[in-house]
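Asks: Just need the structure, nothing else, for what follows:
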Amino acid sequence: MRRLIHILTLCILVLSSCERRPLVDLGHRTNINVRVNIDAISNVTCDIYNDKIAIPEIKPIAMHVLFFDEDTKEVAAESFISDISYDEDGTRMISGNISIMPGDYKMLVYDFGTESTIVEDYYKWDDCLAYTNEISPAIKRSLISKVNNKALEEAHVIYEPDHLVVAAKEHEYIPYHHDVHTVEAEALSVVESYYLQIKVVGLEYVSSAQAILSGMVNGNMISSNTKIAEPQATIWFDMEKSDDKGVPVICTIFNTFGRIEDSENELEVTFDLKTHDGRTVQRSFDLSELFLSPDCINHHWLLLDETITIDPPQVEGGGFAPEVNDWEEEHRDLYI
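Replies: A predicted model of the protein is given here:
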């Protein structure tokens, strides 16, 4: 009788501890080890023209891993990996595990958590697209009114992307294994960085500056690293005040999915500068030839041999010229 009670008790404990488990055997665990290769990105890790301005950082902290069935292209396994380490050369490594049955797959791994770059349709191998949103209507209305360019009303004006590192393999074989199997991959950025500058006389009168650049690619199909040229994109970005060997300039490092190759469209940049006294100055320049220059081809440097001149503030009659002085301490007795 006691033995029967003991057996019944064990059965109850076993039944009460049941839980759902994946159909994938633990022996099918696979380790994903991704090497983040950013060694040759101009203006980020090499070919720095101006070290006085901020350089974009590429430090992914998590990656989205997807395995697709080779025949149906449906998602067969998915995971997020976030174990950060560094190899002997100091290269960033992102690692983690995924449970997946042995077989033949397509594999896609991309940086999860970028601020500006959006990835959509990531469950569809052929349609996985990286892009950025259009700029706010308020910014676009401001640009249209200032530049007085009706064509800008129809333009697809977007924010610049931040770097997205991607590892994609058309074929990845997962063998039968008892221990943990490791898949090695190398992730490269699908975004490019360019340095742009123009000389400015009267830079001391400038309070802020921005620019828009037409003729750019609007996205990237990351599984095949294919640039999407339609619709043509215009990128909006901020400029910084700096100097080039003592010559005052406004400049920036901007990111893009690339320029449209073999296109007849004009690559045009429009600078929009605001002065301390409330004026706005715009200048437009054709960059088509500059994109074909050795500096641009070899280093992604767009160095305009042009100058924008900002006139000094004009003080009208009466001699009223408001200005802001440094704070001065003032001590008073306060009666309560």
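Asks: now this structure, which segments are flagged as low pLDDT?
Replies: 1-28, 144-151, 153, 262-265, 316-336 (pLDDT under 70).
Asks: how about the helices of it, start to end?
Replies: In the chain, the segments counted as helices under DSSP state H are 2-16, 137-147, 151-154, 294-299.
Asks: who's in contact with Ser142?
Replies: Shown in contact with Ser142 (Cβ atoms under 8 Å, 6 or more residues apart in numbering): no residues. Any C-beta I mention is one placed from the backbone N, CA and C, and that applies to glycine too.
Asks: Show me which residues of stretch 228-248 are buried.
Replies: For stretch 228-248, the neighbour count (16 or more other Cβ atoms under 10 Å) marks 228-229, 233-237, 239-242, 248 as buried.
Asks: Can you give me the first-to-last residue distance of it?
Replies: When the termini of stretch 228-248 are compared using Cα to Cα, to the nearest Å, they are 36 Å apart.
Asks: what do you get for stretch 125-140?
Replies: Per Cα to Cα, stretch 125-140 runs 34 Å from first to last residue.
Asks: which other residues reach that stretch?
Replies: By Cβ under 8 Å, 6+ apart, stretch 125-140 touches 68, 73, 106, 108, 110, 116-122, 152, 156-161, 164, 166, 190, 218-224, 228, 236, 257.
Asks: For it, which residues meet the burial criterion?
Replies: 125, 128-132, 134-135, 140.
Asks: One more: stretch 274-294?
Replies: Buried-residue list, stretch 274-294, by 16+ other Cβ under 10 Å: 274-275, 281, 283, 287, 290.
Asks: What is the most widely separated pair among those residues?
Replies: Thr275 and Leu290 (26.4 Å; Cβ to Cβ).
Asks: on that earlier part again, which of the buried residues of stretch 125-140 lies closest to Val36?
Replies: Nearest to Val36 among these, counting by Cβ to Cβ, is Ala130 at 16.3 Å.
Asks: Tell me how far that closest one lies from Val217.
Replies: 11 Å (Cβ to Cβ, to the nearest Å).
Asks: Quickly list what's touching both of these two.
Replies: Phe257.
Asks: Now for Ile38: which residues touch it?
Replies: With Cβ under 8 Å, 6+ apart, Ile38 has these contacts: 44-45, 58, 163, 165, 188-189.
Asks: Narrow those residues to those in strands?
Replies: 165, 188-189 (DSSP state E).
Asks: Among the residues you listed, which one is most surrounded by other residues?
Replies: Among these, Val165 has the most neighbours (other Cβ atoms under 10 Å), with 27 neighbours.
Asks: Tell me the spatial nearest neighbour of it, not counting adjacent residues.
Replies: Leaving aside its chain neighbours, Val165 sits nearest to Ala187 (4.0 Å; criterion: Cβ to Cβ, 6 or more residues apart in numbering).
Asks: if I look at that neighbour, how far off is Ser82?
Replies: Counting by Cβ to Cβ, the gap from Ala187 to Ser82 is 14 Å.
Asks: Which one's more surrounded, those two?
Replies: For Ala187 versus Ser82, neighbours defined as other Cβ under 10 Å are more numerous around Ala187 (24 against 13).
Asks: ok so, going back, what's the ChimeraX line that selects buried ones from the contacts of stretch 125-140?
Replies: A single ChimeraX command selects the buried members of these (16+ other Cβ under 10 Å):
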select :68,106,108,110,116,117,119,122,152,157,158,159,160,161,164,166,190,218,219,220,221,222,223,228,236,257
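Asks: and the contacts of stretch 125-140, which of them are in strands?
Replies: Counted as lying in strands by DSSP E, out of the contacts of stretch 125-140, are 68, 106, 108, 110, 118-120, 156-159, 166, 219-221, 228, 236.
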